[in-house]
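A.B. asks: My questions concern the predicted model and sequence given below.
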Amino acid sequence: MTKMKRPIKEKIFRFCSALLTFLQFVFRNTGTEYGLTPLKRFKLARRIIANTQKVKSLSTWRQHLVLVEEILSVPAAVPGDVVECSCFNGASSVNLSLACALANRTLYICDSFEGLPDPEADEKFEVQGNSTNYYVWEKGEFSSEGGLAAVRRNVEQYGDVSVCKFVKGYFNESLPNLEAQHIVLVFEDADIASSVKDCLVNLWPKMTEGSKFYCHEPWSKKVVALFFDAGWWQANLGLDYPGFFGSGNGTVTGLGYSSMGYALKIDEEKIRETGTKGFHAGCQGFEA
């Protein structure tokens, strides 16, 4: 009896969590600056969900809603574009392009369209979080089905290709020459730490203050550890490490987790100079 009930409970929980994610997107004030009303957000969310059914995806519509909400939350006065690092068949590209069109921003879709590069020796094998599952990364995995041309067709058919620029190549070759000068959001799904490093080295300096670097590998110890590696950040970017929100299962969305985490770009010196000191009972280091 217990075995029969558990799947039903799980289905009910997942449905309620998904419904809450949907309703939060619809009834928040996200995108009002761009003319979005609750009805328009409802129609946008419904379209995003439908697109993930039409294009084979390695990410979920719930994740896409989180990213779309981030794009539409950036004030119009803040200059900058959106960069996607790895797109598989373009389901996420389709939905991000809809938000970029509304916000009048360019979406740079960066991918080899031929799958992963050669993993480094120490990252080829990786256990998935605290589970008994593991990955053995191989060159060419997650290649776009039909290559760049197929991804472009998907965006043309279901998204808004007019705001998109397709950037082909491995990140260590393509990102140093990326045209974007200011970036308000990065969505990275590069899988292996060496590729994430390439993204950070080339994109982090262009990210605007307060922008987020979303990562699709919050479960990966190798990837998450990179955001706390003080030596690597100082050597490669001359900065203190940013830390990471959502390690493990990702940030909270609905009643569950998003399976995405992020690093927030902030100016700590500026905060020390202009920010407000917090208060914590019993702590002498803060002002009341």
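C.D. replies: Yep, it's here.

A.B. asks: Spell out the residue ranges of the helices in this structure.
C.D. replies: In the chain, the segments counted as helices under DSSP state H are 2-27, 38-54, 61-73, 91-103, 147-158, 171-174, 193-203, 221-226, 230-237, 268-274.

A.B. asks: right, and those helices - which one's nearest Gln181?
C.D. replies: helix 193-203 (11.5 Å; CB to CB). The C-beta positions use only the backbone N, C-alpha and C, and glycine is treated the same way.

A.B. asks: for the stretch 101-250 of the chain, which spans come out with low pLDDT?
C.D. replies: For the stretch 101-250 of the chain, applying pLDDT under 70 flags the ranges 129-130.

A.B. asks: quick revisit: please produce TSV containing the helices of the chain, extended by mean neighbour count and distance to Tyr257.
C.D. replies: Output for the helices of the chain, formatted as TSV (neighbours: other CB atoms under 10 Å; distance: least, CB to CB, whole Å):
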stretch	mean neighbour count	distance to Tyr257
helix 2-27	13	9
helix 38-54	17	18
helix 61-73	23	10
helix 91-103	26	18
helix 147-158	18	27
helix 171-174	18	27
helix 193-203	22	20
helix 221-226	19	14
helix 230-237	12	26
helix 268-274	9	28
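
A.B. asks: among the ones you listed, which is nearest Asn133?
C.D. replies: Per CB to CB, nearest to Asn133 of the helices of the chain: helix 221-226, 13.4 Å.

A.B. asks: helices or strands next to the closest one in the packing?
C.D. replies: Applying 3 or more CB pairs under 8 Å, 6 or more residues apart in numbering; DSSP states H and E, one finds that helix 221-226 contacts strand 125-127, helix 193-203.

A.B. asks: strands paired with the shortest one, and their directions?
C.D. replies: What it means is strand 125-127. Here strand 125-127 is paired, per DSSP bridges, with strand 134-136 (antiparallel).

A.B. asks: Determine how far the strand it pairs with lies from the middle of the whole chain.
C.D. replies: 22 Å (CA atoms, centre = their mean, to the nearest Å).

A.B. asks: what comes into contact with it?
C.D. replies: Lys124, Phe125, Glu126, Val127, Gln128 (CB atoms under 8 Å, 6 or more residues apart in numbering).

A.B. asks: sorry, back to before: minimum distance to Leu58: which of the helices and strands packed on helix 221-226 has it?
C.D. replies: helix 193-203 (14.9 Å).

A.B. asks: could you give the angle of that closest one to helix 230-237?
C.D. replies: Put simply, helix 193-203 runs at 50 degrees to helix 230-237, going by axes from the mean of the first three to the mean of the last three CA atoms, to 10 degrees.

A.B. asks: For helix 193-203, name the packing helices and strands.
C.D. replies: strand 81-85, helix 171-174, strand 183-188, strand 207-215, helix 221-226, helix 230-237.
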